[in-house]
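# output the structure for:
(chains A, B, C and D, ligands or ions: 4)
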Amino acid sequence: MAMMSYMEALRDGMRIAMKNDPNVFLAGEDVGAFGGCFGQTQGLFEEFGPKRIIDTPISETAILGLATGAAAVGLRPIVEIMFVDFMGVCMDELLNNAAKMHYMFGGKISVPMVVRAPCGAGFSAAAQHSQSLDSWFAHIPGIKVVAPGSPADAKGLMLAAIRDNNPVIYLEHKGLFGMSGEVPEGDYEVPLGKADIKREGRDVTIVTWSAMVNKSLEAAKLLAQDGIEAEVLDLRSIAPLDTGAILDSVARTNRLVIVHEEVLTAGFGGEIAALVADKGFDLLDAPIKRVAPPDTPVPFSPVLEQAFIPQAPAIVAAVKELF
Amino acid sequence: MAMMSYMEALRDGMRIAMKNDPNVFLAGEDVGAFGGCFGQTQGLFEEFGPKRIIDTPISETAILGLATGAAAVGLRPIVEIMFVDFMGVCMDELLNNAAKMHYMFGGKISVPMVVRAPCGAGFSAAAQHSQSLDSWFAHIPGIKVVAPGSPADAKGLMLAAIRDNNPVIYLEHKGLFGMSGEVPEGDYEVPLGKADIKREGRDVTIVTWSAMVNKSLEAAKLLAQDGIEAEVLDLRSIAPLDTGAILDSVARTNRLVIVHEEVLTAGFGGEIAALVADKGFDLLDAPIKRVAPPDTPVPFSPVLEQAFIPQAPAIVAAVKELF
Amino acid sequence: MKLTKDLMLGMYEKMLRIRYFENKAIDLFAAQKIPGFVHLYIGEEAIAAGVCACLGDQDYITSTHRGHGHLIAKGGDLKMMMAELFGRADGYCKGKGGSMHIADSNLGILGANGIVGAGMPIAAGAAFACHYRGNDAVSVCFFGDASSNRGTFHEAINLAATFKLPAIFICENNLYGISNRQSNHMSISDVSDRARAYGIPGVTVDGNDVVAVHEAALEAVARARRGDGPSLLEFKTWRQRGHFEGDPQTYKDPAEQKAWLAKDPLPHTEKQIIDLGYLDKAGIKALQKKVQAEVEEAITFAENSPQPDPSDLLRDVYAA
Amino acid sequence: MKLTKDLMLGMYEKMLRIRYFENKAIDLFAAQKIPGFVHLYIGEEAIAAGVCACLGDQDYITSTHRGHGHLIAKGGDLKMMMAELFGRADGYCKGKGGSMHIADSNLGILGANGIVGAGMPIAAGAAFACHYRGNDAVSVCFFGDASSNRGTFHEAINLAATFKLPAIFICENNLYGISNRQSNHMSISDVSDRARAYGIPGVTVDGNDVVAVHEAALEAVARARRGDGPSLLEFKTWRQRGHFEGDPQTYKDPAEQKAWLAKDPLPHTEKQIIDLGYLDKAGIKALQKKVQAEVEEAITFAENSPQPDPSDLLRDVYAA
Ligand SMILES: Cc1ncc(C[n+]2csc(CCOP(=O)(O)OP(=O)(O)O)c2C)c(N)n1
Ligand SMILES: Cc1ncc(C[n+]2csc(CCOP(=O)(O)OP(=O)(O)O)c2C)c(N)n1
Ligand SMILES: [Mg+2]
Ligand SMILES: [Mg+2]
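Ligands and ions are numbered 1, 2, ... in the order given. Below is the predicted model of the structure:
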């Protein structure tokens, strides 16, 4: 174990995968000597050189196509889209080709690629540089979607994503880059599609992922002071979804609150609520609550942005409505 | 009242709006003399001429930009994207500009535009020409989303959409183009955000929209034979969502089944289930069921495609699980 | 330059295979044995045949919605293709893809594509892989005149040019995007003029003359294999049929259609072969018979192939 | 051509306003009074000033992430701009937009834009509206060298050229996209070479000489107003600061930076004004003082403007 930041951990995952497999390369805007918009790729250019760490033109459609074409013929690209907000620029390449080629072609071509996309609000980066679009990706059959909420998961999910034989969207939260934590040394994978109980509790299940894991743990502490023991289930992957873990936890707590940073309507919280309202209906002692930002673009003003992002007190309040 | 097809009805809506407002124009690929890929715009070129019925290059990003820029300075564009599957090509223009300009700019610029996009499966058009992406649009604050399921709604929603001061996605289902029904003459609007009870029933609420309305009515007939009276609630708009109508109906029936043509996971059905599992929890006597295609791309083979699309018997089966 | 007998006959046979395959597709679509959309390549065969004669199995192509010709020219199996058009279990994609979505990884065919312009960045990606591996394989991207207005054209060629990738971008200019005349979708007459925007060679060639096509392609492919980067080749041609089967083609001028039918690439190639003394009329007939038979076999194969099982719906969404 | 005194002083004053506004923004960002990203235009002022001097309020512009200069040159209010950079309630966007998202519909400013290349199709749309209305207004689109690699560049210019829309596409070539040198993001040295792909005029001009900029823009704007369609103008310039405030700029060659600082457009313009006898040194100083005072006022206005109320979060999502 070593103390590392979330950013160092995901970089370490990339470094290990690149060392072990010459087919892995990284391409994106300013990922080379500049080290990435937030510093995620610092040092990789020096270590692996311009052949494997590639600065691209500002051409997200070409970047996704580069990954799709290279992966379809056997390489293992990692591409960075500087902000997940920009995925709209290259959504067609993901939706209609990368995600569907394996199926459309009868299973004869596979597309092992990772798309890294920084997401999330909190920096007054405003409406076009602060979004979370998790549920969009989860709605595309043929791809996998991971959203680590801790340094250890950031590294293990990165290694698993790079080695998966399908397109994987790796959602790295800008607000977590500086988070530090214990990270296992060397090579290990966190399996895609396995949730993790970040805090055990008997009274209510909080299902969450990415930056909202910390917010939920913060809320759980506050709740404990009032004698409510919340279980915090970190999905880590939203596709595949660990439905078993969700239902098992609700079976123990009989109460469910879902917390995410995507805007509420048609966010992935709806999918989780629907799952439990069907398969777990008889387990429930209370309504299912969702805590998420309102249906607005992300505002620039820090005052407004803080009102936009779900905070621990709002999670506490939602939980208390269930008792 | 006159008998008209769904396609004639939506065309009639465009024609009336264009006659009454010189700021309304239509642009898209082959919408001119050719009359549109499915014939939707037949006759409009002859009636309004090349100034207002505009054939564009194959440039979906430019088409959405054309609409956004023209709308931002006071025109009322209708643009056609030949298949909703292609929205990935121009999603950025919708997500990051058209939808957000009003908010980002403090309410000082508005963007009154309609994006018409044929959706849906059933023609062996395969994975890139058969999708439904309803929930993606519903997840974008700042736009409205309509999905008519009948000729009368097709016309009234078209007129309301064109006159709305926000970007509106108009999802026209390819499988309904030939559906005929009674359509009021002349100028009328179906308000955005108002659901419609297409069939009354006391035993179960089926919430649906677009092509699944007919499938649900078919299922309701079959259920009636077994003494189950299903209420079929046609949302017509998914954004804004008529939450009141959904909760009122469930308050009467105490049972809910949601039917849509989008793939199940992260489809808009999750949002509806989440709404009721929260605000309507105490109204429910049974789990909430969703009937939707599995999480696969749309297959080409007619045999597989029929297995993909939700059919009446599957709806019947889902309802019966609740009794 | 005088092309060898093997080369000429090889290209001609490919052209025949495409033409006969698609002539049958017309009837089979009309007879509703082929579901969905069918976009025919009839009249443009010289391009696929002339270009793919420069390529080996290690080389890649990306194709379009009008893909039968490219696939057949790159060596695609007629039986599996026809079975796929029928949507049968023995088709290239087990019935999941259809006419617009056929690929063959063993032949470097990265797929027909239903999204106009989507093949361009994918072709750049395959070219990147050749470059990354340091072998001398190349990647060829076919697309139409109207598709050259997609942003993907710009981004993919700029990327390939900047990285000097071994890619060849091939515009099949048949003067229309569905009903939209070139003069109404761009303001230049030669798509090859766009090469200048990337500092790469751009040439315009008669796309109905397989010899001219092949010579232009040879040069571009050699350049790419040398590591000198991409080229943009424009081949002027004509779509003899509608955009898709069922298109009434009211937008076409009958006189122009007639003039282009007179420039049909097949008789033209036959004449070249006879003039070169490679075959006499009888030899041509024999070759035609042979290819006809192949196509008939493919149809029989497709007819006899079972429908997919509904349970296949859930297979192959994810790779293991 | 000899520009009038009013014109020269007007452009110079705009340049001063941009420079002083941004010099203050540097300190205010460092002092954390301005949150978020700040991309400065310092060194490129001659382009916005020279171009916008051809435009009236009825004309439209689309801007970029580096938008302060365009907005000020088009007449943007310094007070409301600074208040917006502060995120305050009296800002142009009531604090919802910030530096990257300022618009002014009364001045035809269709917004700075955080999405590289997104302004291009929007500018084409505004140009279409001018064309549709048959007035002689024009639409000007500013963008950077690296943004010209986005598909939107291709699609928007092709559309504008095909429809002969009154648009002027203005590339501010400062040789970098963030850290990425032009030679590493495209394979040509003059972005104006891309005009050929659309059959429109393309010229490259010194972007640090406001007179040269203005003359080139005048011709393109006149052409657009005449109904002869779009032009592509490339202005070579240099970003004196980092890509955004906080960028260490390790990718720049200090010698090159020094050489470009010597070509700073402001002193150059001052010299032109003095040589033309329009002002003496004292007159220049007086003008500078006046603009300094304006900027100070703007800052005071911003400082005194209230924070938005949290309840504003839910306002203005939809237009009534
Ligand atoms: C992104 C996208 N836009 C539109 C279409 C619909 N479409 C299919 S083919 C076609 C015309 C293509 O014309 P061209 O590129 O000249 O090729 P051709 O059909 O003439 O061979 C169009 C508009 C599509 N499939 N994808
Ligand atoms: C679609 C998109 N891709 C990437 C970015 C991140 N980004 C912002 S500015 C910039 C560089 C733009 O360079 P250029 O167009 O030359 O303009 P300059 O900054 O030099 O003025 C990049 C990559 C973005 N905002 N939008
Ligand atoms: Mg064509
Ligand atoms: Mg630049």
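# please report the distance of C:R225 from C:I200.
In this view, C:R225 and C:I200 are 15 Å apart by CB to CB, to the nearest Å. Any C-beta I mention is one placed from the backbone N, CA and C, and that applies to glycine too.
# repeat that for C:N208.
For C:N208 relative to C:I200 (CB to CB), the value is 25 Å.
# can you check A:I238 too?
Counting by CB to CB - A:I238 and C:I200 are separated by 42 Å.
# now check the host helix or strand of C:H214, is it near chain D?
C:H214 belongs to helix C:210-226 when assigned by DSSP states H and E. No. With CB under 8 Å from any CB of the partner chain as the criterion, chain D is not reached by helix C:210-226; the gap is at least 14.1 Å.
# next one: stretch A:55-62
Yes. Residues of stretch A:55-62 are located near chain D by CB under 8 Å from any CB, namely A:55-59, A:61.
# run the chain-centre distance for that stretch.
On the basis of CA atoms, centre = their mean, to the nearest Å, stretch A:55-62 sits 23 Å off its chain's mean C-alpha point.
# stretch C:243-250 now?
The answer for stretch C:243-250 is 19 Å, by CA atoms, centre = their mean.
# what secondary structure does C:N106 sit in?
helix (DSSP: H, G, I helix; E, B strand; the rest coil).
# contact partners for it?
C:D57 (CB atoms under 8 Å, 6 or more residues apart in numbering or on different chains).
# quick check: residues of the stretch 51-200 of chain A near ligand 4?
When proximity is defined by CB under 5 Å from the ion, the stretch 51-200 of chain A lies next to ligand 4 nowhere.
# quick one, strands of the stretch 51-200 of chain A?
According to DSSP state E, counting those that start in this stretch, the stretch 51-200 of chain A carries its strands in the segments A:53-55, A:76-80, A:114-119, A:144-146, A:168-173, A:180-183, A:196-199.
# in contact with the residue sitting nearest the centre point of chain A, which residues?
The centre of chain A sits closest to A:A147, judged by CA atoms, centre = their mean, with a distance of 1.5 Å. By CB under 8 Å, 6+ apart, the residues touching A:A147 are A:119, A:134, A:171, A:173, A:209-210, A:235-238.
# find the nearest non-adjacent residue to C:D193, please.
Nearest non-adjacent residue to C:D193, counting by CB to CB, 6 or more residues apart in numbering or on different chains: D:R196, 5.7 Å away.
# could you do A:E261 as well?
A:S132 (4.6 Å).
# isn't that neighbour right up against A:E262?
Yes. Counting by CB atoms under 8 Å, A:S132 does reach A:E262; the two are 4.4 Å apart.
# which one of these two is surrounded by more residues?
Using other CB atoms under 10 Å in any protein chain shown, the more surrounded residue of A:S132 and A:E262 is A:S132, with 26 against 23.
# for ligand 2, see how far away that one is.
A:S132 sits 17 Å away from ligand 2, going by CB to the nearest ligand atom, to the nearest Å.
# for that residue, what are its contacts?
Here A:S132 is in contact with A:84, A:119-121, A:171, A:210, A:260-262 (CB under 8 Å, 6+ apart).
# what do you get if the cut-off is 7 Å, keeping everything else the same?
By CB atoms under 7 Å, 6 or more residues apart in numbering or on different chains, the contact set of A:S132 is A:119-120, A:261-262.
# of those residues - the most surrounded one?
Going by other CB under 10 Å, A:E261 tops the contacts of A:S132 with 29 neighbours.
# contacts only, for that one.
By CB under 7 Å, 6+ apart, A:E261 lies in contact with A:120-121, A:132, A:210-212, A:293, A:309-310.
# hmm, 6 Å instead?
A:E261 makes contacts with A:120, A:132, A:211-212, as judged by CB atoms under 6 Å, 6 or more residues apart in numbering or on different chains.
# just name the closest of the residues you listed to D:D136, please.
A:S132 (44.8 Å; CB to CB).
# neighbours around C:M15, how many?
27.
# where's it, which helix or strand?
Under the criterion of DSSP H and E, C:M15 resides in helix C:5-30.
# who does that helix touch, helix- and strand-wise?
helix C:45-52, helix C:68-73, helix C:265-275, helix C:281-304 (3 or more CB pairs under 6 Å, 6 or more residues apart in numbering or on different chains; DSSP states H and E).
# point me to the residue sitting closest to the centre of chain C.
Note: chain C centre (CA atoms, centre = their mean) maps to C:H70, 2.7 Å.
# give me every residue that touches the nearest residue to that residue once chain neighbours are set aside.
Leaving aside its chain neighbours, C:H70 sits nearest to C:S63 (4.1 Å; criterion: CB to CB, 6+ apart). For C:S63, the contacting residues are C:70, C:112, C:142, by CB under 6 Å, 6+ apart.
# what about 8 Å?
Contacts of C:S63 by CB under 8 Å, 6+ apart are C:70-71, C:109-113, C:119, C:142.
# now swap in A:V213 and tell me
For A:V213, counting by CB under 8 Å, 6+ apart, the contacting residues are A:149-150, A:198, A:232, A:234.
# so which bits of the stretch 1-150 of chain C are right by chain A?
Residues of the stretch 1-150 of chain C found near chain A (CB under 8 Å from any CB) are C:60, C:62, C:91-97, C:101-105, C:108, C:110-111, C:113-115, C:118, C:120-129, C:132, C:139.
# for ChimeraX, what selects the buried ones among the residues you listed?
Listed next is the ChimeraX selection for buried residues among the residues of the stretch 1-150 of chain C next to chain A, using 16 or more other CB atoms under 10 Å in any protein chain shown:
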select /C:60,62,91,92,93,94,95,96,97,101,102,103,104,105,108,110,111,113,114,115,118,120,121,122,123,124,125,126,127,128,129,132,139
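# quick one: which of the residues of the stretch 1-150 of chain C next to chain A sit in helices?
C:120-129, C:132 (DSSP state H).
# end to end on stretch C:100-108, go ahead and measure it.
17 Å (CA to CA, to the nearest Å).
# can it be found next to ligand 1?
No. Contact of stretch C:100-108 with ligand 1 (CB under 6 Å from any ligand atom) is absent, the minimum separation being 8.5 Å.
# let me see the backbone angles for residue 56.
Answering for chain A, as no chain was given. phi -110, psi 160 (degrees, to the nearest 10).
# nope, chain C please
phi -110, psi 180.
# which SS class is C:S99?
coil.
# quick one, what contacts it?
C:34, C:36-39, C:67-68, C:84-85, C:112 are the contacts of C:S99 under CB under 8 Å, 6+ apart.
# which one of these is nearest to B:G107?
Nearest to B:G107 among the contacts of C:S99, counting by CB to CB, is C:F37 at 44.3 Å.
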